[in-house]
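Asker: quick one, fold the following:
(4 chains)
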2 protein chains.
Amino acid sequence: MSEVTPVLLDEQLCFSIYSASKKFNHFYQSALAPFKLTYPQYIALLALWEDAPLTVHQLGQRLELDSGTLTPLLKRLEKQGWVTRVRSRTDERQVLIHLTAMATAKRDEVYQRIGQCQTLLGMSDEEIETLMTDLITVKAQLDQVSHQRLIDKQVNLQK
Amino acid sequence: MSEVTPVLLDEQLCFSIYSASKKFNHFYQSALAPFKLTYPQYIALLALWEDAPLTVHQLGQRLELDSGTLTPLLKRLEKQGWVTRVRSRTDERQVLIHLTAMATAKRDEVYQRIGQCQTLLGMSDEEIETLMTDLITVKAQLDQVSHQRLIDKQVNLQK
DNA sequence: TCAAATAGTATTGTATACAATTAAATTGTC
DNA sequence: GACAATTTAATTGTATACAATACTATTTGA
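Answerer: Okay, the predicted model is just below:
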C-alpha cells in the first residue's frame, strides 16, 4: 500500500533556510542602509575587496550568480560610485570590475559596521562554525543530487 | 587603536544560508517541474493543503510574504488551475484562497514526489532536526535584534 | 451617527534571480 | 588563414521580494 506521508511546511528544512535567508537579507539591508547597499550588492563588494579586479564571470562564480543578475547589479554599483566596468584590452569579451577610490576608502567603515551587527547577533564562533559546516554538507548533497539527475534515469528530477 | 577585522565572504553565515537557500530553490524547482510549480508557489500550496481556505493575509503570515508578492503569485496559481480567489461575503476586504479539485487531486502525487527527492538528499531525521533547531535560533536572534533596533538608539541599524 | 482610524488587498516601483537567447571575440583545427 | 566551436557579456522574459502607496470595507469613538 502506498501510504503517502503528508508534507508539513514547518518540518521542511528548505523552508527554514528560505525564511532564514530572507531575514538575514533584511538584517544586512538595514545595517547597510547608511551606505545604500542591498545585500547582493554588499556581497559583491565583499568579493571585490578580497580580490579586485574580477571579471563578471569570476565574480559570478564566487557569488553563484549569472550575468543576468550581475550585469544590472554592477551597473547600479557603478552608478553609485562603488565600481567601474572596463572592457579588458587583452580579451574584449570580458569586462573587468574595478573598485573605485571611494569603495576602497569606505571598506573599513563597512567592515566595522558589519562587525557591530554580527556582535548584536550574539552567536559564538563555535555556533557559527557548526552551522556553516552543516550547511556546507547540505549544499554538497544538493549539488551531488543535481549532478546525479543528469545521469540517473530512474528518479529523473527534470521533466 | 581600532584595528578593523576583515570580512571574508566564505566566513559569512549569511552567505552560507543565502547560497543554500538558492540551491534548495533550484532543487525543488527541478523536482516540481512536472507540475510546473516554482518553489514559492509550492510552499503556498503546502500551506493550503494543510489548512484551506486561507485569506491572503493568513497565507502571508504563514509564508512570511506580503500581498505585493502573494497577489501576483496567487493569480498565477489561479490561472494554472490550482486555486480560486473569492472575496469573502462576511468581510468584503478579505480574499479567500480555496484549493481547486485539481489541487486536491494532485496533492498526494506532489507529496510523493517531494518524499522521493528528500530521500535523495540522504539526511537523517536527526541531522535535519538539529539543523532546523539551529536555524530557528538564528532567526529568533535576527527577529530580536530587528526589534531591538526600534528601541535602542546607540547602535541604530536603520539609517 | 458619522468622521477618523484601522484592516485587508491591490498596485507601483525598484531590485534581485535565472533560463534562454543573442552578439561579439577568441581559440582550435585543418 | 578560414571557419566552426567555444567563451563571455548582455539582453529578454518571467517570477519572486518588498517598501510605499492607494483604495475599499469595516470598526471605533465622540
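
Asker: residue A:56 against residue A:74, yeah?
Answerer: Yes: the criterion here is CB atoms under 8 Å, and residue A:56 meets it with residue A:74 at 7.0 Å. Where you see a C-beta, it was placed from the backbone N, CA and C, and this is true even at glycine.

Asker: more neighbours, the two?
Answerer: Taking neighbours as other CB atoms under 10 Å in any protein chain shown, residue A:56 and residue A:74 compare with residue A:74 leading, 22 against 18.

Asker: quick one, what contacts that one?
Answerer: A:44, A:56, A:59, A:83, A:85, A:97 (CB atoms under 8 Å, 6 or more residues apart in numbering or on different chains).

Asker: could you say which helix or strand contains the first one?
Answerer: Secondary structure from DSSP states H and E places residue A:44 in helix A:39-50.

Asker: does any bit of whichever helix or strand comes after that helix sit next to DNA strand D?
Answerer: Of the helices and strands lying after helix A:39-50 in sequence (DSSP H and E), the nearest is strand A:54-55. Yes: using CB under 7 Å from any atom of the strand, strand A:54-55 comes into contact with DNA strand D via residue A:55.

Asker: can strand A:54-55 be said to contact chain B?
Answerer: No: Strand A:54-55 lies out of reach of chain B by CB under 8 Å from any CB of the partner chain, never closer than 11.9 Å.

Asker: counting contacts, what elements does that strand pack onto?
Answerer: With contacts defined as 3 or more CB pairs under 8 Å, 6 or more residues apart in numbering or on different chains; DSSP states H and E, strand A:54-55 has these neighbours: strand A:95-99.

Asker: now do the buried residues in the next helix or strand after the strand it packs on.
Answerer: Under the assignment DSSP H and E, the closest C-terminal helix or strand after strand A:95-99 is helix A:101-121. Across helix A:101-121, burial judged by 16 or more other CB atoms under 10 Å in any protein chain shown covers A:103, A:106-108, A:110-111, A:113-114, A:117-118, A:120-121.

Asker: and the contacts of residue A:74, which two are furthest apart?
Answerer: A:44 and A:85 (12.1 Å; CB to CB).

Asker: break chain A into its domains for me.
Answerer: With domains defined by automatic domain parsing, chain A comprises A:12-122, A:124-159.

Asker: so for residue B:63, which of these sits nearest?
Answerer: Here domain A:12-122 is closest among the domains of chain A (CB to CB), at 8.4 Å.

Asker: how far out from the middle of the chain is that closest one?
Answerer: Computed by CA atoms, centre = their mean, to the nearest Å, the chain-centroid distance of domain A:12-122 equals 8 Å.

Asker: quote the end-to-end distance of that domain.
Answerer: 26 Å (CA to CA, to the nearest Å).

Asker: any bit of it sitting next to DNA strand C?
Answerer: Yes: Domain A:12-122 is in contact with DNA strand C by CB under 7 Å from any atom of the strand, via A:25, A:38-41, A:64-69, A:72-73, A:76, A:90-93.

Asker: which helices and strands does the host helix or strand of residue A:26 pack with?
Answerer: Taking DSSP H and E as the criterion, the element that holds residue A:26 is helix A:13-31. The helices and strands touching helix A:13-31, judged by 3+ CB pairs under 8 Å, 6+ apart, are helix A:39-50, helix A:101-121, helix B:13-31, helix B:39-50, helix B:125-149.
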